[in-house]
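Asker: Predicted model, plus sequence, below.
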Amino acid sequence: MREFISPWTGAYDVVDLMGERWHMTVTLPVRRRSQAGAIEAYFNRLRGVHTATAWYFSRPAPIGTMRGTPILSAQAAQGVQSLSVSGAGAYGTVKAGDMLGLAGQWLQVAADATASAGGAITILTANRVRATVSSSTAVVWDKPTATFRLASPRVPVAHLPGYSDSLDVELIETW
Amino acid sequence: MRTLTAPIIAALAARPVGIAQLVTMYLTSTVYLNTTAWSLSWNSNTYLGAANVGRIDVIEDAPGEIKGLSFQLNGVGSANLALALAEPVQGKRVVVETVVFNASSVVVDAMVEWEGRLDVMTIQEEGGSATITVTAEHIGIDLLRPTNSLYSNAEQQRLHAADHFCEYIIDQAEQPLIWPAASFWRK
């Protein structure tokens, strides 16, 4: 996004540069040195080159009641923010903030929705589908994962006398 | 004046306006890149998303001046660097287009923003990766290039071997001609 303010009217004009990505900051607590080594080695192994998959830790499953094996009932074109889904269970629900997985992409539910008795549901998403996804593709609700890499190749580990300090790692979605 | 189609006018009037740039480099194997993070399809070609790893100079218009551009690709691994080194880029055509998206994030149209020829490629290595920068000259630079064709006999013979029109041009150049000659009045 780029914002511009009109010098005459003061109105905001916004240009969408497309192609949003998820960013994640992981904060690991203070640990004993004996425990910190494995974590340090894990992030060092990524080296900013390799990738790691992660699910949305604060909401591994939807707060809504949608379960089962939902699939896309229609193709989702690149850039859309609405998914037509079947197999969501009779009157299954999704709640705003639930995280769904579609062909390796995280899509966050933008608004509460309820399925029909036949399990059909239209889900509005906060972010856009980054590439066209064909009909019948599985919609993952159980710990959907996305792929991340280190935003910076540095892993700021601080070893202090007797313990290892907390560690902040910034991850950026990649595909 | 550039005429915009109705779908583009509608897309530009929408808020926010979605835009991206497509870069086509006609190398040995044509390279298609775009400035978003997604891959975009346009004219049956797939433009790979190069957001965060690629950079294009700001395209500036200045009266009486034809400005070049530079393209930069960061984080190139050493394996791909060999491909870049083996590629003869000089003189290869490059086109930058601006695409406009409608409210449904679908590409409406693409307009050529800049066209030119690639010039010099520089590679800067840092740590385990490299940055490739290639400069390009605008295609309009041809208009400023001197033609180097003179009205001389040698040039005329090169162009048209049987034409002797300029054969005595040096003898005739800047010769004072007095007509009629002084002898005419002494008759």
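Answerer: That came through, no problem.

Asker: domains for chain A, by residue range?
Answerer: For chain A, automatic domain parsing gives the domain ranges A:20-56+A:152-173, A:71-143.

Asker: ah, wrong one, I meant chain B
Answerer: What automatic domain parsing lists as the domains of chain B is B:6-144, B:153-185.

Asker: Could I get the buried residue list for the shortest one?
Answerer: Burial within domain B:153-185, assessed by neighbour count using 16 or more other C-beta atoms under 10 Å in any protein chain shown, is assigned to B:153, B:156, B:166. Quick note: C-beta positions are derived from backbone N, CA and C, even for glycine.

Asker: Would you mind measuring the gap between the ends of it?
Answerer: 37 Å (C-alpha to C-alpha, to the nearest Å).

Asker: Show me which residues of chain B sit near chain A.
Answerer: Counting by C-beta under 8 Å from any C-beta of the partner chain, chain B comes close to chain A at B:15-20, B:35-41, B:49, B:51-52, B:77, B:101, B:104-106, B:127-128.

Asker: Filter these down to the ones in strands?
Answerer: If you go by DSSP state E, the residues of chain B next to chain A have B:17-20, B:40-41, B:49, B:101 in strands.

Asker: which of those residues sit farthest apart?
Answerer: Maximum pairwise distance among those (C-beta to C-beta): 20.3 Å, between B:17 and B:41.

Asker: more neighbours, those two?
Answerer: Counted by other C-beta atoms under 10 Å in any protein chain shown, residue B:17 and residue B:41 do not tie: residue B:17 has more neighbours, with 17 against 13.

Asker: what's the least confident stretch among the domains of chain A?
Answerer: Note on the domains of chain A: domain A:20-56+A:152-173 shows the lowest mean pLDDT, a mean of 88.

Asker: Break down chain B into its helices, ranges please.
Answerer: B:6-13, B:78-86, B:153-159, B:169-172, B:182-185 (DSSP state H).

Asker: lowest-pLDDT helix or strand in chain B?
Answerer: Sorting the helices and strands of chain B by mean pLDDT, DSSP states H and E puts helix B:78-86 at the bottom, at a mean of 76.

Asker: Skip the chain neighbours and tell me the closest residue to the residue most central in space within chain A.
Answerer: Taking C-alpha atoms, centre = their mean, the centroid of chain A lies closest to residue A:106, which sits 3.9 Å from it. In this structure, residue A:106 finds its nearest non-sequential neighbour in residue A:146, 4.5 Å apart by C-beta to C-beta, 6 or more residues apart in numbering or on different chains.

Asker: shouldn't that neighbour be in contact with residue A:101?
Answerer: Yes. With contact defined as C-beta atoms under 8 Å, residue A:146 and residue A:101 form a contacting pair (7.4 Å).

Asker: that older thread, in TSV, list the ones in strands among the residues of chain B next to chain A along with pLDDT.
Answerer: As requested, these are exported to TSV (pLDDT from 0 to 100):
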residue	pLDDT
B:17	84
B:18	87
B:19	88
B:20	90
B:40	89
B:41	89
B:49	87
B:101	89
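
Asker: Many thanks, I have nothing further to ask.
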